[in-house]
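Novice: A structural model of the following input is requested.
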Amino acid sequence: MKNTVLALLSLTIGLSAFAATGFSSLEEQMTGKEFSAAGLDKLSKSELDALNEWIRKHSLATLDSPATAVAAGTVEEDAEDKGKDKDKKKDPTTVTSKLVGKFSGWDGQTVFKLENGMIWAQADKDKFHTKEIENPTVIIERSMFGTWTLRIDGYDADCRVKQIQ
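Specialist: Got it, this is the predicted structure:
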């Protein structure tokens, strides 16, 4: 019970931190069971905050700098960001690229390799099947609470994904 209360408290604190920074904390990304199994429930609030900050700064999602992706034309900018100082980092809201190779759907464990070098993994258990197509265009858009949704251009299906490279 204590672990559940701690996880819920951490999640609540994490949600307010996410609203301020746009970063999805460990508490948000993990189930309460995963959080406890990793021993994170034993950390003090300041230790957990420091860990989340380190992850935010060193996240795999930041390997491809948003500013670089915008310059390369692989990421569209928010209308608000277009008028801001070009030297400031921009948070991409849409990634458009092509899948490398043949595609016939997703099965709950699909990994998506894109031409722009990004690699995304399916983060839900949804399934979708279609006839095999070669190098389809994908659109990955930021959703609520910092999650991302992938869809294949021309199809009315999507799945939740997370960037792994």
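Novice: how long is stretch 128-140 end to end?
Specialist: 16 Å (CA to CA, to the nearest Å).
Novice: same check on stretch 93-111?
Specialist: Start-to-end span of stretch 93-111 (CA to CA) is 20 Å.
Novice: can you list the strands that the helix or strand where W120 lies pairs with?
Specialist: Per DSSP states H and E: W120 is located in strand 119-122. Its sheet considered, strand 119-122 pairs with strand 111-113 (antiparallel), strand 158-163 (antiparallel) by DSSP bridges.
Novice: dump the last one to PDB, restricted to CA.
Specialist: So the one you mean is strand 158-163. Presented in PDB, the C-alpha positions along strand 158-163 are these (Å, rounded to 0.1, in the frame of the first residue of the first chain):
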ATOM      1  CA  ASP A 158      -2.200   4.600 -35.600                       C
ATOM      2  CA  CYS A 159      -0.200   3.300 -32.700                       C
ATOM      3  CA  ARG A 160       1.600   4.800 -29.800                       C
ATOM      4  CA  VAL A 161       5.400   4.800 -30.100                       C
ATOM      5  CA  LYS A 162       8.500   5.900 -28.200                       C
ATOM      6  CA  GLN A 163      11.800   6.900 -29.700                       C
END
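Novice: identify each buried residue in it, please.
Specialist: Buried residues in strand 158-163, counted by 16 or more other CB atoms under 10 Å: D158, C159, V161, K162, Q163. From N, CA and C alone the C-beta is placed, and that goes for glycine too.
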